[in-house]
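> give me a 3D structure for the following:
(one chain, ligands or ions: 1)
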Amino acid sequence: MMSDISPSRCSEMALTLYGSAYAPAPYRVRIGLALKGLDYESVAVDLLAGAQHKPAYRAINPQRLIPALDAGDGDIMTQSLAILEWLEETHPEPALLPGSARDRARIRAMAMVIACDVHPLVNIRIGRAMEAMDVSPARRSKWSERWIVDGLQVLEPMVEKFGRGFAFGDTPTLADCCLIPQVYSAIRLEIPMSGFPAISAVVEHAARHPAFVAAHPDLQPQARQA
Ligand SMILES: N[C@@H](CCC(=O)N[C@@H](CS)C(=O)NCC(=O)O)C(=O)O
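Prediction:
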């Protein structure tokens with residue numbers, strides 16, 4: 001946990017992921033690490049307790065967001081998509097960005113619908129800012145639902161067109177790394193998924209893949225925190 005921030009290191013170059021079980025951005029990176037077959041140590045940052053704002057974590061990521069990944073030498077990387085791209089460049093197989101340049105642009109576009117256009121609007125800090133402006137919990141939930149549904153509506157026809165088991169094609173890509181955690185959050189918020197059959201089929205398919213199983217929030221040591 002983030003109050004005792006130093007992870008115990010098994011080996012000098014072990015990767016360390018600063019995250020939390022249910023938060024979607026670190027969940028993306030967990031999927032990427034599992035797909036690449038990489039071991040890592042996990043340090044929990046308790047977002048609900050505000051650990052991201054404490055000096056110990058600010059020293060790791062001054063942006064006060066998770067995930068952060070220590071490459072094993074104390075060199076910290078931030079931003080889930082940047083971390084996933086680094087994983088892709090350093091461990092190209094299996095590819096998170098397969099296919100032609102155009103395929104990769106489409107996969108990135110699907111990932112960015114979630115990571116750039118949905119998630120920043122429904123993050124904890126947005127909820128906290130609304131709370132400080134006396135927006136009621138019910139209206140905050142409506143706000144989150146509005147943007148998550150908006151993103152899923154954009155993605156549904158893309159998955160229908162390009163997916164063949166996974167969101168793009170028949171192997172897991174960067175798009176799935178972003179989609180699966182966002183759908184997990186949607187379900188936690190009790191957003192009905194009945195209008196998204198293509199996305200729901202991908203979620204079911206991914207649930208049988210060992211990397212997605214390993215990355216699932218319920219299996220994380222810090223499960224039950226934000
Ligand atoms: N664009 C960033 C977003 C990271 C982010 O917003 N992480 C959330 C958890 S999913 C967080 O740390 N929230 C803390 C807060 O809002 O105070 C990324 O992709 O890594």
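> which parts of this structure sit against the ligand?
Within the chain, the positions adjacent to the ligand are 23-25, 47, 52, 65-67, 79-81, 115, 123-125 by CB under 6 Å from any ligand atom. Bear in mind the C-beta positions are built from the backbone N, C-alpha and C, glycine included.
> now these: which count as buried?
With burial judged by 16 or more other CB atoms under 10 Å, the buried subset of those is 23-25, 47, 52, 65-67, 79-81, 115, 123.
> and these, which is closest to Tyr184?
Distance from Tyr184 was checked for each of these by CB to CB. The minimum falls on Pro24, at 7.1 Å.
> got the domain boundaries for the protein?
In the assignment given by automatic domain parsing, the structural domains of the chain cover 15-94, 101-212.
> show me where the chain has helices.
24-35, 55-58, 80-90, 101-112, 124-132, 137-162, 174-188, 197-206, 210-215 (DSSP state H).
> now render these as CSV, adding mean pLDDT.
Conversion of the helices of the chain to CSV gives the following (pLDDT from 0 to 100):
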stretch, mean pLDDT
helix 24-35, 98
helix 55-58, 98
helix 80-90, 98
helix 101-112, 98
helix 124-132, 96
helix 137-162, 98
helix 174-188, 98
helix 197-206, 98
helix 210-215, 98
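> adding distance to Gly74, write the ones you listed out as a markdown table.
Compiled in a markdown table, the helices of the chain are given as follows (distance: least, CB to CB, whole Å):
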| stretch | distance to Gly74 |
| --- | --- |
| helix 24-35 | 18 |
| helix 55-58 | 14 |
| helix 80-90 | 16 |
| helix 101-112 | 28 |
| helix 124-132 | 27 |
| helix 137-162 | 35 |
| helix 174-188 | 25 |
| helix 197-206 | 33 |
| helix 210-215 | 25 |
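> ok, which of the domains of the chain comes nearest Ala223?
domain 15-94 (4.4 Å).
> gap between the two ends of the closest one?
End-to-end span of domain 15-94 (CA to CA, to the nearest Å): 19 Å.
> wait, Leu65 sits on Ala25?
Yes: the pair Leu65 / Ala25 is scored as a contact, 7.1 Å apart, by CB atoms under 8 Å.
> what residues does the residue nearest to Ser200 when sequence neighbours are not counted make contact with?
The shortest distance from Ser200 to any non-neighbouring residue, by CB to CB, 6 or more residues apart in numbering, is to Met193 (5.2 Å). Contact criterion CB atoms under 8 Å, 6 or more residues apart in numbering gives 183, 186-187, 199-200, 203 as the residues in contact with Met193.
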